[in-house]
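> predicted structure and sequence below. I'll ask about it afterward.
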Amino acid sequence: MYNIIGHRKVNYSISGTIIVASIVALFVYGLSFGIDFTGGSQIEIQATQGMSRENLQSLLKESNGLDVSIKTSLQGSFLIETKPLTTDEHASAIETIQVAYPDARELSFSSIGPSVGNELKQKAIVATILVFLGIIAYVSWAFRKSSSLHVKSWTYGVAAIIALFHDLMFVIGVFVLMGHFLGTKVDSLFLTALLTVLGFSVHDTIVVFDRIRERLKIGEEKTFEEVVNVSVNQTMVRSIATSMTVIFVLLTLLLFGGESIRSFVIALLAGMLVGTYSSIFVASPLLVSWYKFRSK
């Protein structure tokens, strides 16, 4: 049996480094927001023979003075993102493309104003805060009968939230670096991925907490630290196996899916990996650390 709880200080050091590095990167580089948050226009063009992302970028830059970001969709079309376009600018861009590629056809056009983008940012923050509060309330209620001389029910909720914050900062840190070095932008799908990661992560954490509750009732272990360590070891294989089934699916999507969902898949993949880690090496050890702190 692995003494996971006994080495919790090492795990805290790793997690602390992740959080601090992510916060520093966030303040230094910042997230690179897509048009969902900053406002802009998106044109979807059906791909034709000879059309490439590089050719479209240089064509629109030279002929229309537009700095564009281009991704490919699952259907093989090109998604062109740029600043908010007026009706004339939109028509001019389409005309430029169709002159170079006569068979090119516009499939869709959408535009988001800066005010809408700012509103989406605010709603994203509010949604995340509500998720955290909801998780604290639910976990505290679910473990209300587990309050004992060791830890109170609300401690389970707080430990779960700290682990979720750890997961959130890791995913954000990954995308800060990707945005700075690779030009990856975050959009509304990124927010969806973050909330999904929180759901997966807290699920794994609750499984471990539930086993701790069962072991406390059985009373075979002498100390609370032994109870938590046995519980983590008993659920570790299940947590890793469950996460791996999802990770294999995400890897398949990453390799064979379109570029339009690549950032979404990477966010989920990073979140699943760190969520599995935190449920084992962060959330449960925090219960022991709090118990020892109160004992002193």
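Received the coordinates, thanks. Numbers count the residues shown, from 1 in each chain.

> do I have it right that A142 meets I206?
Yes. Counting by CB atoms under 8 Å, A142 touches I206, with 7.2 Å between them. The way it works is simple: take the backbone N, C-alpha and C, and place the C-beta from them, glycine included.

> tell me which of the two has more neighbours.
I206 (19 against 16; other CB atoms under 10 Å).

> that one belongs to a helix?
Yes. Under DSSP: H, G, I helix; E, B strand; the rest coil, I206 falls within a helix.

> how near is it to Y12?
Separation of I206 from Y12 (CB to CB, to the nearest Å): 21 Å.

> again with G6
On the measure of CB to CB, G6 and Y12 end up 13 Å apart.

> what does V68 give?
Counting by CB to CB, the gap from V68 to Y12 is 45 Å.

> again with L287
For L287, the distance to Y12 - CB to CB - is 13 Å.

> looking at these two now, which is surrounded by more residues?
Set L287 next to Y12 and count neighbours by other CB under 10 Å: L287 wins out with 24 against 15.

> now that one: how far from E220?
18 Å.

> one more: I212?
13 Å.

> of those two, who's got more company?
Using other CB under 10 Å as the criterion, I212 and E220 rank with I212 on top: 26 against 9.

> go ahead and confirm that one touches E226.
No. Counting by CB under 8 Å, I212 sits too far from E226 to count as a contact (11.0 Å).

> quick one, strands of this protein?
In the chain, strands defined by DSSP state E lie at 40-46, 69-72, 78-82, 105-112, listed in chain order.

> how about those strands in a markdown table, adding mean neighbour count, mean pLDDT and distance to L130?
Formatted as a markdown table, the strands of the chain follow (neighbours: other CB atoms under 10 Å; pLDDT from 0 to 100; distance: least, CB to CB, whole Å):
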| stretch | mean neighbour count | mean pLDDT | distance to L130 |
| --- | --- | --- | --- |
| strand 40-46 | 20 | 90 | 27 |
| strand 69-72 | 18 | 85 | 31 |
| strand 78-82 | 21 | 89 | 29 |
| strand 105-112 | 14 | 88 | 23 |
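
> can you redo the ones you listed as CSV with distance to S243?
Shown next, in CSV, are the strands of the chain (distance: least, CB to CB, whole Å):
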stretch, distance to S243
strand 40-46, 34
strand 69-72, 28
strand 78-82, 31
strand 105-112, 35
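
> look up how far I125 lies from the spatially most central residue of the chain.
In the chain, the residue lying closest to the centroid (CA atoms, centre = their mean) is L194, at 3.4 Å. L194 is 11 Å from I125, where distance means CB to CB.
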